[in-house]
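Visitor: Quick one: sequence and predicted model below, then my questions.
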Amino acid sequence: MDARHLTFSEEFDIVFSNATLHRLSDHRPVLEGIERCLVKGGRVVLQMGGKGNADQIFNVLGVMLDNPRWRNYFDNFSFTYGFFDTTEYTQLLVDAGLVPVG
């Protein structure tokens, strides 16, 4: 199921995601869906790349996209990654109705 369109409602004690969510740019619908699918007192454990993760690779990609020699190899390229710092992600969690710990 697409993480942005979770259809579960109060069905799980825990939601776990490992090395996946940073591949999505908009985490709001994911976190809202996670909040809906958890039973009262349920927990969520998320592991993903954070802000600054893979910066060197993305800087090289930016140079290639600006270079006419390579640009046409990236037609229709979409940067769909979402790397957030702790403050940004804490706010996303709170906005979704989740209580950050740790």
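Guide: The structure has been received and is ready for your questions.
Visitor: And the lengthiest helix in the chain, how far out from the chain middle?
Guide: The residue-count maximum for a helix in the chain (DSSP state H) belongs to helix 55-66. Once both centres are worked out by Cα atoms, centre = their mean, to the nearest Å, helix 55-66 turns out to sit 20 Å from its chain's centre.
Visitor: What of stretch 73-82?
Guide: Its chain's C-alpha centre lies 16 Å from the corresponding centre of stretch 73-82 when counted by Cα atoms, centre = their mean.
Visitor: Ok, stretch 25-43 next?
Guide: In terms of Cα atoms, centre = their mean, the centre of stretch 25-43 is set 12 Å apart from its chain centre.
Visitor: And for stretch 26-46?
Guide: Between the mean C-alpha position of stretch 26-46 and that of its chain there is a distance of 12 Å (Cα atoms, centre = their mean).
Visitor: Go through that stretch and flag the buried ones.
Guide: Judged by neighbour count (16 or more other Cβ atoms under 10 Å), stretch 26-46 contains these buried residues: 27, 30-35, 37-38, 42, 44, 46. Where you see a C-beta, it was placed from the backbone N, CA and C, and this is true even at glycine.
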